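Colleague: How does the following fold in three dimensions:
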Amino acid sequence: MAPVPCRIHGLTSEAGKALNGAAGFINKMDPSAGSTFGARQGVAIFGFPDNKAVKTENLEFITLPSTVLGIGVGRNFLRDTFF
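Modeller: Numbers count the residues shown, from 1 in each chain. Now for the predicted structure:
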């Protein structure tokens, strides 16, 4: 599975509030849980050494323009930098 870019939102615990707005990549997704309320996905967040388990409903899937346009010259740089 290729990492899926996302942003975290809607966390209400004290520890979770610090993660709201953080961007990262889903790198451990449970495909069977994609539409299951309360399912958690493994998210690698920039600046944190370990994955965080975040509920699917607290993730906003985002598109990185550099990955959409990352074909041709420079695609290896983009792949190595973002993935």
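
Colleague: which residues of this protein fall in strands?
Modeller: 4-8, 23-28, 40-45, 52-55, 59-61 (DSSP state E).

Colleague: who wins for proximity to Lys17 among those strands?
Modeller: Closest to Lys17 of the strands of the chain, according to C-beta to C-beta: strand 4-8, at 10.3 Å. In this view, the C-beta of every residue, glycine as well, is placed from N, C-alpha and C.

Colleague: As a markdown table, the strands of the chain with mean neighbour count, distance to Gly16 and mean pLDDT would be great.
Modeller: Converted to a markdown table, these look like this (neighbours: other C-beta atoms under 10 Å; distance: least, C-beta to C-beta, whole Å; pLDDT from 0 to 100):
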| stretch | mean neighbour count | distance to Gly16 | mean pLDDT |
| --- | --- | --- | --- |
| strand 4-8 | 18 | 8 | 89 |
| strand 23-28 | 17 | 14 | 87 |
| strand 40-45 | 19 | 12 | 89 |
| strand 52-55 | 17 | 9 | 90 |
| strand 59-61 | 14 | 12 | 90 |
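
Colleague: For the ones you listed, please prepare TSV with the additional fields distance to Lys17.
Modeller: Shown next, in TSV, are the strands of the chain (distance: least, C-beta to C-beta, whole Å):
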stretch	distance to Lys17
strand 4-8	10
strand 23-28	16
strand 40-45	14
strand 52-55	13
strand 59-61	16
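
Colleague: Which among those is found nearest to Ala15?
Modeller: Between Ala15 and these, the tightest spacing by C-beta to C-beta is seen for strand 52-55, at 9.7 Å.

Colleague: got the CA coordinates for that closest one in CSV?
Modeller: Extracted C-alpha coordinates of strand 52-55, given in CSV (Å, rounded to 0.1, in the frame of the first residue of the first chain):
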residue,chain,number,x,y,z
LYS,A,52,-0.4,7.1,16.0
ALA,A,53,-3.7,5.1,15.9
VAL,A,54,-6.3,7.6,14.7
LYS,A,55,-10.0,7.0,14.0
